[in-house]
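Trainee: Following is a predicted model, sequence given first.
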Amino acid sequence: MGPDEIGSDKLAHAYAITAHRSQGSTVDVTYAQEDGGGRELAYVAMSRARSESHVHVVAPGLSQAASRLEWAWGDERRQTWAIGNEPESSLGELYAERLQLSRLVPSDRSRQLDHVRRQSNGVERDIAELYNGTGRWAHSSAGQAARAVREAAVEHQRAEQLLESPDLGRWSRHKARRALAEAGDRFDKALVAWENTGQPYATRLGAQRERLGAEAAVLEQARTSREEFFARHPEVPSRLAELHRAIERAEENERHRSWELLKERERARHLGISHELDQGYGIEL
């Protein structure tokens, strides 16, 4: 400020009070000097005026002043209750307890069991389609052989039923025996074709069904063991949930402390620059 701004007709005595002392008071205009105190104290200082509130910051420039206000007013320093603030375990202790407790719990194999069951159902469907000659086997040699066996078996059964009819005459019975022999011959040929083309697939699918069945039995036992464990120790799930929440809070606090440390370092660096500038101005004056 120049001489015109600091003349006797421009200045008058005034009194300043702390933000703590100003609580509960109301004035027309406030001029606050930002010197730390955090978000809560800043709210008290900047909410006393009916009309205007001004804040003054010591900084070498406008951007630095804005940064310092951001640091100061972003720092939460509210008090907490003494009750319920028992010393918390460290993050490492929480990790260790969760790991130790998790090792006692039989692993959850539900997803694996569902996956094996879906595979088993797919294999069962594939086997049924193979023997019927339908689905993906409809246009394959294995599917054709399967249909031929089924058709030959039906024809052979009909020939047997016809031969057993009591109303057949001598000549008709002779023809029925002949038809049965021919049907038997076609069935044997169809069966040979099936054994050469379809049976290898059926054998592999049967082996897959047995393997998946064994895996499902093991996974079923694992699920039963897990359910029995929780029945004997009903407190374990709630404790694991508590540990999970505590670890999340501890991790958030670690991130907050790291951020505060970074802000303190940046604040110290800026204050060092400001001090150097003040010294320079003093020398020039």
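Mentor: Received it, and whenever you're ready, just let me know what you need. Residues are numbered from 1 along each chain as shown.
Trainee: ok, residue 52 - contacts?
Mentor: 28-30 (C-beta atoms under 8 Å, 6 or more residues apart in numbering). Glycine gets a C-beta too; all of them are placed from N, C-alpha and C.
Trainee: what number of residues lie near residue 148?
Mentor: 19 (other C-beta atoms under 10 Å).
Trainee: List the contacts of it.
Mentor: 190, 193-194.
Trainee: if we can go back for a sec, now, which of the contacts of residue 52 sits nearest residue 168?
Mentor: Within these, the smallest distance to residue 168 is 120.7 Å, found for residue 30 (C-beta to C-beta).
Trainee: ok, the closest one touching residue 45?
Mentor: Yes. Shown here, residue 30 and residue 45 form a contact pair, counting by C-beta atoms under 8 Å, at 7.0 Å.
Trainee: residues shared between the contacts of these two?
Mentor: When contacts are counted by C-beta under 8 Å, 6+ apart, residue 30 and residue 45 are jointly contacted by residue 53.
Trainee: For the residue nearest the centre of the chain, which residues are in contact?
Mentor: Nearest to the mean C-alpha position of the chain, counting by C-alpha atoms, centre = their mean, stands residue 244 at 13.3 Å. By C-beta under 8 Å, 6+ apart, residue 244 lies in contact with residue 98.
Trainee: same check, this time on residue 212
Mentor: 116, 119-120, 123.
Trainee: Report the separation between it and residue 206.
Mentor: 11 Å (C-beta to C-beta, to the nearest Å).
Trainee: cool, and residue 241?
Mentor: From residue 241 to residue 206 the distance is 45 Å (C-beta to C-beta).
Trainee: Residue 151 falls within a helix, correct?
Mentor: Yes. Counting by DSSP: H, G, I helix; E, B strand; the rest coil, residue 151 is located in a helix.
Trainee: Show me the shaky parts of the stretch 101-250 of the chain.
Mentor: Across the stretch 101-250 of the chain, not a single residue meets the criterion (pLDDT under 70).
Trainee: For it, which segments count as helices?
Mentor: In the stretch 101-250 of the chain, the helices defined using DSSP state H, counting those that start in this stretch lie at 110-132, 141-163, 170-197, 199-232, 235-284.
Trainee: Excluding covalently adjacent residues, which one is nearest to residue 165?
Mentor: residue 176 (7.8 Å; C-beta to C-beta, 6 or more residues apart in numbering).
Trainee: which residues sit in contact with the one you found?
Mentor: 159, 162-163, 165, 168 are the contacts of residue 176 under C-beta under 8 Å, 6+ apart.
Trainee: May I see the ChimeraX selection of the buried members of those?
Mentor: To isolate the buried ones among these in ChimeraX, judged by 16 or more other C-beta atoms under 10 Å, type:
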select :159,162,163
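Trainee: Make JSON lines out of the contacts of residue 176 and add distance to residue 219.
Mentor: What follows is these, written out as JSON lines (distance: C-beta to C-beta, whole Å):
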{"residue": "159", "distance to residue 219": "49"}
{"residue": "162", "distance to residue 219": "52"}
{"residue": "163", "distance to residue 219": "53"}
{"residue": "165", "distance to residue 219": "55"}
{"residue": "168", "distance to residue 219": "59"}
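Trainee: closest to residue 222 among the contacts of residue 176?
Mentor: residue 159 (53.6 Å).
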